[in-house]
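1. heads up, no residue letters with this:
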């Protein structure tokens, strides 16, 4: 397991937070996620999923992943 903090641009409210959390939690390899406006802390199995899949899930929910 690995825990990573990901910066997210474009979030402005609790609706945004819930949307990103739902997208992350839908990934089977994600074991836990804590999402706040502007970032997400994601605990996941790095052997089952890579960063690209997590980033695409966030971007598909309508937000941009930052550095």
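-> Received it, and whenever you're ready, just let me know what you need. The structure presented is a predicted model; accordingly, all values stated were derived computationally and were not measured.

2. could you point out which element follows whichever helix in the chain runs longest?
-> Secondary structure of the chain per DSSP state H: the longest helix is helix 14-25. Note on helix 14-25: by DSSP states H and E, the next helix or strand toward the C-terminus is strand 30-36.

3. Tell me which other helices or strands the longest helix of the chain touches.
-> Helix 14-25 sits against strand 30-36, strand 39-44, helix 51-60, with contacts defined as 3 or more C-beta pairs under 8 Å, 6 or more residues apart in numbering; DSSP states H and E. Backbone N, C-alpha and C define where each C-beta goes, glycine included.

4. State the mean pLDDT of that helix.
-> The pLDDT scores in helix 14-25 average 95.

5. and the direction of that helix versus that of strand 39-44, what angle?
-> Orientation note: helix 14-25 sits at an angle of 20 degrees relative to strand 39-44 (axes from the mean of the first three to the mean of the last three C-alpha atoms, to 10 degrees).

6. ok, and for helix 14-25, which residues are buried?
-> For helix 14-25, the neighbour count (16 or more other C-beta atoms under 10 Å) marks 16, 17, 19, 20, 21, 23, 24 as buried.

7. Distance to residue 8 for those - can I get that in JSON lines?
-> JSON lines is the format used below for the buried residues of helix 14-25 (distance: C-beta to C-beta, whole Å):
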{"residue": "16", "distance to residue 8": "8"}
{"residue": "17", "distance to residue 8": "10"}
{"residue": "19", "distance to residue 8": "11"}
{"residue": "20", "distance to residue 8": "6"}
{"residue": "21", "distance to residue 8": "11"}
{"residue": "23", "distance to residue 8": "11"}
{"residue": "24", "distance to residue 8": "10"}
